[in-house]
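1. My questions are about this predicted structure, shown below with the sequence.
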Amino acid sequence: MNTTTPRLFIAATRQNEGKTTVALGLASALQRVHPRIGYIKPVGQRFVRIDQQKIDEDIILMDRVYTLRCPLVDMSPIAVEPDFTRRYLQQADNGLLVSKIEEAFDRVAWEKDFVICEGSGHAGVGSVFDLSNARVAKLLGARVIIVSQGGIGKPIDEVCVNQALFEKEGVEVVGVILNKVLPDKLALIEEFARKGLRRKGLELLGVLPHRQILSSPTLELIREELEVEPLNESTQYENLVDEVVVGAMSVTQALQYFKRGVLIITPGDREDIILAAATTLFGQGSTGLAGILLTGNQRPSPSVMHVVKAFPFPVLLAREESYRVASRVHDLTVKTRPADTQKIALIRDLIAEHVDVNRILKSLEP
């Protein structure tokens, strides 16, 4: 396996801490020194099917943003399907999985100046099929950055647990990036987290401030994940949902929530709320609601549907009742997608401003 191309493994203290955010931003920053960047996610858990191949969705994002010029299947060599672990425990063939990762890495690293490797959760994820993140980092000969959520005590505790497993595999952790830190606590967290990490032999490489936009789902994500039905022909599916309001109130009360970034969730027979939205927001375009999500599989009457079809923002219909739908929207895992150009630009700026990329590069020197 290639042992000469510089590589960095992005791990985290748990899932959804911001590994892909860091990888996406670091790729842009590193390109100033290493123009030809490669990317691999050896073990993926959320995938889509492309040409009969199971490709991790983060691969799609990185490839479309950076045009990596590498077969998608090589950047996503192992996809953990629902029955993957059961099949492995019945008939383990770790050697086959290891060879698959090594061969994929060789192709990903071909003619590249640098390779970013992204893990899939904390250091122990994948242990059940003998491919923990710590083991994969060792296999790839990569040094590690650990990403954790902002704070002082809890992140450092969790980082140390992960550090121990990496060190058990003989993998060096070069530093830590704290993510989603409240902006007004940025300086405080940076000062004391740096002190705490240094006591454990670790460097704080950056502290990223929380930005609501990065946690806000788009109407497109909601449409896909909830499998809802569009009721109009709006093209504004990139509208960001900053707030969810369940329309189980009077129209008078609801009016105060009719503003930009709000998703109204209400039963399909609440035609008073639908018409109120029409009278107060019609014609405002992108300054109006993010969208309306009707529930209970209840379609409005034909006369109100005529109004719905004229809304500039998406109106969707779900089969489930309002509070169940609202709960599902709240629990969505918000992943950055190739079409999220505003988010991608922000991520690049955050990494460039708040992460010490030069220190990362220096830590990777032989």
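-> Arrived safely, thanks for sending.
2. Pull out the CA atoms of the longest strand seen in the chain and give them to me as PDB.
-> Criterion DSSP state E: the longest strand present in the chain is strand 173-181. Presented in PDB, the C-alpha positions along strand 173-181 are these (Å, rounded to 0.1, in the frame of the first residue of the first chain):
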ATOM      1  CA  VAL A 173      -3.400  12.000  17.600                       C
ATOM      2  CA  VAL A 174      -1.900  15.300  16.300                       C
ATOM      3  CA  GLY A 175      -4.600  17.500  17.800                       C
ATOM      4  CA  VAL A 176      -8.200  18.400  18.500                       C
ATOM      5  CA  ILE A 177     -10.800  20.700  16.800                       C
ATOM      6  CA  LEU A 178     -13.800  21.800  18.900                       C
ATOM      7  CA  ASN A 179     -16.900  22.500  16.900                       C
ATOM      8  CA  LYS A 180     -20.200  24.300  17.500                       C
ATOM      9  CA  VAL A 181     -19.000  26.600  20.200                       C
END
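3. Show residues contacting the following helix or strand past that strand.
-> Downstream of strand 173-181, the first helix or strand assigned by DSSP states H and E is helix 186-198. Here helix 186-198 makes contact (CB atoms under 8 Å, 6 or more residues apart in numbering) with 150-153, 155-156, 159, 176, 178, 181, 203-204, 207, 209. To be clear about C-beta, it is placed using only N, CA and C from the backbone, and glycine gets the same treatment.
4. for residue 337, what are its contacts?
-> Contacts of residue 337 (CB under 8 Å, 6+ apart): 61, 218, 220-221.
5. any idea whether residue 350 is helix, strand or coil?
-> Here residue 350 is helix, with the state taken from DSSP: H, G, I helix; E, B strand; the rest coil.
6. thought it was touching residue 210?
-> No - assessed by CB atoms under 8 Å, residue 350 is found out of contact with residue 210, at 10.2 Å.
7. Same drill for those two, tell me which one is more crowded.
-> More crowded of residue 350 and residue 210, by other CB atoms under 10 Å: residue 350, with 19 against 15.
8. Between strand 173-181 and the helix or strand where residue 163 lies, find me the angle.
-> Element membership for residue 163 (DSSP H and E) is helix 153-168. Angle, helix 153-168 to strand 173-181, by axes from the mean of the first three to the mean of the last three CA atoms, to 10 degrees: 150 degrees.
9. could you check the angle helix 186-198 makes with helix 153-168?
-> Here helix 153-168 points in a direction 40 degrees away from that of helix 186-198 (the same axes, to 10 degrees).
10. Any regions of the stretch 151-300 of the chain where pLDDT drops low?
-> Along the stretch 151-300 of the chain, the model assigns pLDDT under 70 to residues 280-287.
11. Pop the domain breakdown of this protein in here.
-> Under the assignment automatic domain parsing, the domains of the chain span 7-211+337-363, 217-330.
12. can you redo those as CSV with distance to residue 1?
-> Converted to CSV, the domains of the chain look like this (distance: least, CB to CB, whole Å):
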stretch, distance to residue 1
domain 7-211+337-363, 4
domain 217-330, 37
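13. between the contacts of residue 337, which is nearest residue 302?
-> When the contacts of residue 337 are ranked by distance to residue 302 (CB to CB), residue 220 comes first, at 27.5 Å.
14. Can you point out the helix or strand that includes that closest one?
-> Using DSSP H and E, residue 220 maps to helix 219-226.
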